[in-house]
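Asks: predicted structure and sequence below. I'll ask about it afterward.
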Amino acid sequence: MAITVAGLALLGAAKPPSQGSGAHTSPYSAIYCLGGPNNDFRYFAAKEQPDGRLLFGVSHWYPSGAATGTYGVADREGDHWKYASPPDEWDPKDLYPCTVRIWLRRDGVPDVVPDKVARCVGGYGQPMGRVTFPKRAYYRPVTHELDDAEAFEAADVCGDFTGR
């Protein structure tokens, strides 16, 4: 099967991991990309570690030019993962850490939900909002994009793929 995006054919495009009846399958590894109108762009990469924790990065670029996101290792908490930034990474003017919860929907697609008081990395004072994806935004499994925070930030993973 070939998918054509911006004139490029992506042969054998991978399918998102199936979660069947909602049960978690291991190990989870996925990249999601979603480009919208007016330069609204979302990118998520995650790879489950042998101990069940989730190495992940999430980035949301807004039409205004502001961007929010975070990178780290989330601990498993029942049916989801929870990440809280270490105290040494907090911005001194923030009272709370960047805290997000990551759920996998039944179809394996992630929902990234920050706590209401979370102040994740953001430009122009933009707070991080919920980051969701449609199933069609699945791009492929993670390879090197999560080697470290710099690799995640530098990765032009999605290229012309918009997930629309």
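Replies: Yes, it's here. Predicted model only: the values in this text are computed from it and were never measured. Residues are numbered from 1 along each chain as shown.

Asks: am I right that Ser136 is in a strand?
Replies: Let me fix one detail, which is that residue 136 is Arg and not Ser. No - going by DSSP: H, G, I helix; E, B strand; the rest coil, the assignment for Arg136 is helix, not a strand.

Asks: quick one: mean pLDDT over the longest strand anywhere in the chain.
Replies: Of all the elements of type strand in the chain, the one with the most residues (DSSP state E) is strand 67-77. The average of the pLDDT scores along strand 67-77 is 90.

Asks: stretch 49-56 now?
Replies: In this model, stretch 49-56 carries a mean pLDDT of 95.

Asks: buried ones in that stretch, by neighbour count?
Replies: By 16 or more other C-beta atoms under 10 Å, the buried positions in stretch 49-56 come out as Leu54, Leu55, Phe56. Placement of C-beta: from N, CA and C, glycine included.

Asks: which of those lies closest to Ala137?
Replies: Using C-beta to C-beta, the shortest approach to Ala137 within the buried residues of stretch 49-56 belongs to Phe56, at 15.4 Å.

Asks: so the helix or strand harbouring that closest one versus strand 67-77, what angle?
Replies: Remark: Phe56 resides in strand 54-61, with elements defined by DSSP states H and E. With axes from the mean of the first three to the mean of the last three C-alpha atoms, to 10 degrees as the basis, strand 54-61 and strand 67-77 are set at 160 degrees to each other.

Asks: just checking, what packs against strand 54-61?
Replies: When contacts are defined as 3 or more C-beta pairs under 8 Å, 6 or more residues apart in numbering; DSSP states H and E, strand 54-61 packs onto strand 41-48, strand 67-77, strand 80-84, strand 99-104, helix 149-154.

Asks: just list whatever residues bridge to the spatially most central residue of the chain.
Replies: Taking C-alpha atoms, centre = their mean, the centroid of the chain lies closest to Phe44, which sits 2.1 Å from it. Bridge pairing for Phe44 (DSSP bridges) gives the partners Tyr32, Val58.

Asks: dump the residue contacts of it.
Replies: With contacts defined as C-beta atoms under 8 Å, 6 or more residues apart in numbering, the neighbours of Phe44 are Ala30, Ile31, Tyr32, Phe56, Gly57, Val58, Ser59, Pro110, Val112, Val131, Phe133.

Asks: no further questions, thank you.
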